[in-house]
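S.K.: How does the following fold in three dimensions:
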Amino acid sequence: MAATALKEQLNGLVNSMFAEGLLDEQFQQLQMLQDGSNPGFVAEVVTLFCEDSERILAELTKLMDQAVVDSSKVDAYVHQLKGSSSRILEEELAVHYADFALIIYHKMD
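M.R.: Numbers count the residues shown, from 1 in each chain. Next up is the predicted model:
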């Protein structure tokens, strides 16, 4: 019974994220790849995305704390962030996610 309630709660959350435009057909494609042989596929991909994003943001923070900021490294990390977020998030949101990192970088100039 508890598992059913959790599944319903998860479905409600995912539906809400679709309605808010946070997720799009890219996420639906991920869901379609999940099957009985790998029931945790979507959770694994989302976890990897979160871990990767955290690592990239930490690296960007280190770069921003330096006296001279290496713009090519910042660009490379922002590109990675945009690429990984586009696999999970709605495309426009992924672009905004990367743009946010660029705005922070340019404010540091």
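
S.K.: so who does the closest residue to Gly40 other than its chain neighbours touch?
M.R.: For Gly40, the nearest residue in space outside its immediate sequence neighbours is Gln34; the separation is 7.9 Å by C-beta to C-beta, 6 or more residues apart in numbering. From N, CA and C alone the C-beta is placed, and that goes for glycine too. In this structure, Gln34 makes contact with Gly40, Phe41, Val42, judged by C-beta atoms under 8 Å, 6 or more residues apart in numbering.

S.K.: Name the member of those residues with the shortest distance to Asp65.
M.R.: Within the contacts of Gln34, proximity to Asp65 (C-beta to C-beta) peaks at Val42, which comes in at 34.9 Å.

S.K.: Tell me which helix or strand comes right after the helix or strand harbouring the closest one.
M.R.: Here Val42, judged by DSSP states H and E, is contained in helix 41-64. Of the helices and strands lying after helix 41-64 in sequence (DSSP H and E), the nearest is helix 71-86.

S.K.: Next, the angle from that following helix to helix 41-64.
M.R.: Orientation of helix 71-86 against helix 41-64 (axes from the mean of the first three to the mean of the last three C-alpha atoms, to 10 degrees) gives an angle of 160 degrees.

S.K.: For helix 71-86, which helices and strands make contact with it?
M.R.: Helix 71-86 sits against helix 41-64, helix 91-108, with contacts defined as 3 or more C-beta pairs under 8 Å, 6 or more residues apart in numbering; DSSP states H and E.

S.K.: Check the spacing between the residue nearest the centre of the chain and Asp99 real quick.
M.R.: Residue closest to the mean C-alpha point of the chain, counted by C-alpha atoms, centre = their mean, is Ser85 at 3.6 Å. In this view, Ser85 and Asp99 are 11 Å apart by C-beta to C-beta, to the nearest Å.
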